[in-house]
Each structure stands twice: as C-alpha cells, then as structure tokens.
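> Return a 3D structure for these sequence lines:
(one chain, ligands or ions: 1)
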Amino acid sequence: MKKLHIADTEEVKRGDVTDVYFLRTESILRQTHQAKNVCMEIFLKSFPMPEYSWGIFAGLEEMLILLEGRPITVRAIPEGSIFFARTPVVSIEGNYLDFGGLETAMLGCLCQASGIATRASRARIAAGSKGLFSFGARRMHPSIAPMVERAAYIGGCDGVATVAGARLIGEKPVGTIPHALILQMGDTLKATGAFDEIIPEDVPRVALIDTFQDEKFEAIRVAQAFGKKLSAVRLDTPGSRRGDFREILREVRWELDIRGFGHVKLFVSGGLDEYTILELKDIVDSFGVGTRMSSAASLDFSMDIVEIEGKPVAKRGKESGKKSLMRCDECMKDYVVPYGMSKTCDCGRDTKDILETVMEEGRLTKELPNAREVRSHSMEEIARLTRDRDPAEVLNAKPI
Ligand code: PCP
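Presented below is the predicted three-dimensional model:
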C-alpha cells in the first residue's frame, strides 16, 4: 500500500527529517574530530503577531520522544506553561553529535504545537467559561490531526472533534451534525430526528439550523419538535448570509426564550477566532473553532549554542552561558539569569527556576504529565496571567 507523504516516528527519530546541512556538519565534525560538548538553548526571538505578548509552550513530549536514549541532559519549562519572548524554554547539554542533527525535528515539534496551543489559549481567554471546541483538523494534513487537536486541547479547548485526536488526549470526541446529513435527508427536522433515534443518548442533541431556512424560524421549529431533548442549535451561517451575525444570534435567543426554550443553547462555528468570540460570548454558549486555531501561526523558536566545553560562547544576538529562568508565580514575571543564580522579584517575593531537568543521559527523570494534566497546568497559568485583567486587554484586542 502506498504511504502518505509523511515521515513516520522511526524516520524522524533516526534523523531523516533534518536539514541536509546538519548531516554535512556531522560528517565534517566526525572527520576533523572537532565535535564538542555543548549547551544549546531553545528560545523565541519574537512572536509572529504584534497582539501576542506571551505564548503557551507545547510539543515537549514529542520532542523528548525523539531524544530518548541519547546521552544528553534536557532542562525544560513544563509543557503547558506560559512563556515570554527571549526566555529559554529548553536547555540541552551533551556532545553535539548526539543531538545536533535533530534540531530540525525538535524545533518542528515545538513551533507548530506551541502556535496552536497559544491561539487556542487566546480563544479560551476570550470565551471565558463558555464552551470551546477544536473543529479545525480538516484544515491540516490528516497525519498530524492528533497533534493539532492535543495542542488545541492543551491551550484550553474543552473537547476535540476527531476520533484520533480524542483518543490521544483520553477524551470522547465532540461533534454535532454536518450539512451533508441534512441535505441528503432533505429537512433539518428529519435529520435531527434521525440523529435522535440512532445516536446514543449520551451524545447531546445539537440541531444545525442554517442549511435551508432562516435561522430564527428553523430554531423555533426544531425547539418545538424536540423540546427538552434539544440541547442546542448550531449556527454555521455562511458569510454570504451572515450580515450582522450578532443580531441574528440575539434574535434566535429572544425567539427561543419567549417560547419557553431557554434551555436550548446557542452553538456557533465558521470563521471564528478570539476576536469574534469576544464579540459574541455574551450571547453564545459554545464555539467551534477550526481554521484560525488549527492553522495558527507557528512560533519560530530557534536553537543556539550558548556554551562549548563549559565556557560561555554564542553567536551575535544571543546571550552566551547556560541560564536559569526565574519566575515569580505571583506576578507571572520571568527573569533570565546565569544558571544557578538566585533572583528576587521586583515585588520582593522569591522566584524559582522553571527550567526543570526532565531528561538525564537520555532517560526521563520523571513520568510526563498526561494531556489532561498539561491542560490543567496551562489553565492555572492562564488564570494567573489574566487575574483581575480584562480579556480584551490580555489579548491586546480592540476594546469591545
Ligand atoms: C465548517 C464545519 C466546521 C466549522 C465550519 C469550522 O462548516 O462545520 O466545524 O469552520 P472554520 O474552519 O471556518 O473555523 P462546513 O465546512 O460547512 O462543514 P460541515 O457541513 O461539515 O459542518
């Protein structure tokens, strides 16, 4: 059977996904016996958008899978942590020949996942306590869908849509009804009725109401037909009909409420991001976010030598020497200091080094947290960052 155009785990671990100049570097270092024991740091020079002032670190678990068994030591901030530009998120020590050739793959694990997790966290902050679901796997290569949805979940999604993504994070997949079902059955009520008859009872009954008719009248129709059984109506209204989407949603809410259907929630999808969520969150109960989350801008981490044989050295534009990243948990402020140095926060509190040793001589120093635990850590960090602050200000969004 033909293979998809992807590199499998073995090929990536073997170093096949590497820029060829690293292979050439390795052979030159071997033949000249010039390979050195180095300390390399991974950090982000700057965020891709001016609105971003922090990110959510993701992809560490996959990066460590690539490094397992190699005689190196890794310190990293915990997956799911908030991080800032120009702060080291990973520090690796060992002989360059034992890990240097994996730079391409290691950064690839971190850049894309952190980009998605960061965009998801922004949607999380915008949505507050409203439902937030990852609906964007269809916009990315199918082979990475589990990674994409794990990152979206870590960033703050309450659930994911693909079976493989849900399996990876240990949750049940979440979904409603596609237009394809309604179009083939010819009517929204018929399709919702068939769903209700055939799909197990523990799956919420969510009627998609933008296929044929005006959403207001379809909402009334399905609510009258299904009453208490109806959990929500989903509006995936196409751009050509969207007009003032907020007004449409407000009207649907009004019409449902005055007829005693206050229990029917509003579920929205299509073209959403943190900014549209901010505009709709006071009316909408759940958001399904696809493209803007799954294809979020990659965060361009780089990996640079900062020590050679224990002596500080770095290229121009990069501070040399092994570092500690001292965080004040109260202020969520970080201080980059020479490794092992203590630092008191400007607020007077102690700080602690959040670059924790996670791998020694190629073996994990502790069991890695599962996806749910990583997400919990991320939610705690976001809560600290956003405490007593307006979501729009945290997101550097235009005030609503
Ligand atoms: C899309 C599908 C996804 C939504 C929109 C993601 O609608 O419902 O869940 O949209 P986004 O990528 O713009 O955020 P359709 O493409 O109409 O698909 P379907 O009929 O299967 O719902």
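
> so which helix or strand takes in the residue positioned nearest the centre of the chain?
Taking Cα atoms, centre = their mean as the criterion, A117 is the residue nearest the geometric centre of the chain, at 1.7 Å. Assigned by DSSP states H and E, A117 belongs to helix 103-127.

> And for L132?
Using DSSP H and E, L132 falls in strand 131-134.

> what about that strand and the ligand, touching?
No. Judged by Cβ under 6 Å from any ligand atom, strand 131-134 and the ligand are separated, with a smallest distance of 8.5 Å. Every residue, glycine included, has its C-beta placed from N, CA and C.

> what's the angle from the helix or strand following that strand to helix 103-127?
Per DSSP H and E, the first helix or strand lying C-terminal to strand 131-134 is helix 145-155. With axes from the mean of the first three to the mean of the last three Cα atoms, to 10 degrees defining the directions, helix 145-155 sits at 50 degrees from helix 103-127.

> contact partners of helix 145-155?
56, 58-59, 62, 79-80, 112-114, 116-124, 134, 136-137, 140, 157, 159-162, 164-169, 171, 293-294, 371, 374-375, 378 (Cβ atoms under 8 Å, 6 or more residues apart in numbering).

> buried ones in that helix?
By neighbour count on 16 or more other Cβ atoms under 10 Å, the buried set for helix 145-155 is A145, P146, M147, V148, E149, R150, A151, A152, Y153, I154, G155.

> Could you name the helices and strands sitting against the very next helix or strand once past it?
Per DSSP H and E, the first helix or strand lying C-terminal to helix 145-155 is strand 159-160. On a contact count with 3 or more Cβ pairs under 8 Å, 6 or more residues apart in numbering; DSSP states H and E, strand 159-160 meets strand 131-134, helix 145-155, helix 163-169.

> So what's the gap between the shortest one and the chain middle?
The chain centroid and the centroid of strand 131-134 are separated by 12 Å under Cα atoms, centre = their mean, to the nearest Å.

> Pairing partners for it, with directions?
Using DSSP bridges, strand 131-134 pairs in its sheet with strand 159-160 (parallel), strand 286-289 (parallel).

> Please save the CA atoms from it in CSV.
Only the C-alpha atoms of strand 131-134 are listed here, as CSV (Å, rounded to 0.1, in the frame of the first residue of the first chain):
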residue,chain,number,x,y,z
GLY,A,131,-17.8,26.0,25.6
LEU,A,132,-14.8,25.9,23.2
PHE,A,133,-14.1,23.1,20.8
SER,A,134,-11.4,22.2,18.2
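
> residues in contact with the nearest residue to D19 once chain neighbours are set aside?
Once flanking residues are discounted, D19 sits nearest to T104: 5.1 Å by Cβ to Cβ, 6 or more residues apart in numbering. T104 sits next to V17, T18, D19, F22 when contact means Cβ under 8 Å, 6+ apart.

> Could you rerun that using 6 Å?
V17, T18, D19 (Cβ atoms under 6 Å, 6 or more residues apart in numbering).

> Now mean neighbour count too, for the strands paired with strand 131-134, in JSON lines please.
As requested, those are exported to JSON lines (neighbours: other Cβ atoms under 10 Å):
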{"stretch": "strand 159-160", "mean neighbour count": "26"}
{"stretch": "strand 286-289", "mean neighbour count": "26"}
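
> could those be laid out in TSV, adding distance to the ligand and mean pLDDT?
Shown next, in TSV, are those (distance: least, Cβ to the nearest ligand atom, whole Å; pLDDT from 0 to 100):
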stretch	distance to the ligand	mean pLDDT
strand 159-160	11	98
strand 286-289	5	98
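
> Near the ligand, which residues of the protein are found?
Within reach of the ligand by Cβ under 6 Å from any ligand atom, the chain has these residues: 135-136, 139, 178-180, 236, 269-272, 288-291.

> before we move on, the earlier item: and the residue nearest to the centre of the chain, how far from M106?
Distance from A117 to M106, counting by Cβ to Cβ, to the nearest Å: 17 Å.
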